[in-house]
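[1] starting from these lines, generate the structure:
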Amino acid sequence: QVQLVESGGGLVQAGKSLRLSCAASGRTFNSMGWFRQAVGKERAFVSAITRLSGSTNYADSVKGRFTISRDNAKNTVDLQMNSLKPEDTAVYYCAGSPTFYPSSYSNEYDYWGRGTQVTVSS
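    Alright, predicted model coming up:
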């Protein structure tokens, strides 16, 4: 059974940091990504990373603040979020993809976690 389980969400003040982690089990993915969905908005791409080369991709809104990393031995991917803003408030989802590039398209991901809430207060 393939599972993706996110952890590390919570409530934090603006300007602070949080680190999200996603543990995959049941298979390995060629790339993994993070998406987020705020209340009343569509799910949006945040960041992605490939398993082999470690190539990364970031949404413009998080460039310079968020860093994605992976541990292939543990089959995990982390998202370090610094300088958080209230507009970063959302449910964050981890996803796995068969693509060999760090895709920003949600329809290229075939497995999803249940999400973890991140709330940034002003």
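[2] not counting its neighbours along the chain, what's nearest the spatially most central residue of the chain?
    In the chain, the residue lying closest to the centroid (C-alpha atoms, centre = their mean) is residue 34, at 2.3 Å. Spatial nearest neighbour of residue 34, excluding adjacent residues (C-beta to C-beta, 6 or more residues apart in numbering): residue 46 at 4.2 Å. To be clear about C-beta, it is placed using only N, CA and C from the backbone, and glycine gets the same treatment.
[3] which SS class is the one you found?
    strand (DSSP: H, G, I helix; E, B strand; the rest coil).
[4] contacts only, for the residue nearest to the centre of the chain.
    20, 22, 46, 47, 48, 68, 77, 79, 92, 93, 94, 95 (C-beta atoms under 8 Å, 6 or more residues apart in numbering).
[5] distance from the chain centre to the helix or strand encompassing it, please.
    Per DSSP states H and E: residue 34 is located in strand 31-37. Strand 31-37 sits 4 Å away from the centroid of its parent chain (C-alpha atoms, centre = their mean, to the nearest Å).
[6] report the buried residues of stretch 30-45.
    Within stretch 30-45, the residues scored as buried using 16 or more other C-beta atoms under 10 Å are 31, 32, 33, 34, 35, 36, 43, 45.
[7] what mean pLDDT does it have?
    Averaged across stretch 30-45, pLDDT comes to 98.
[8] what distance separates the start and the end of it?
    17 Å (C-alpha to C-alpha, to the nearest Å).
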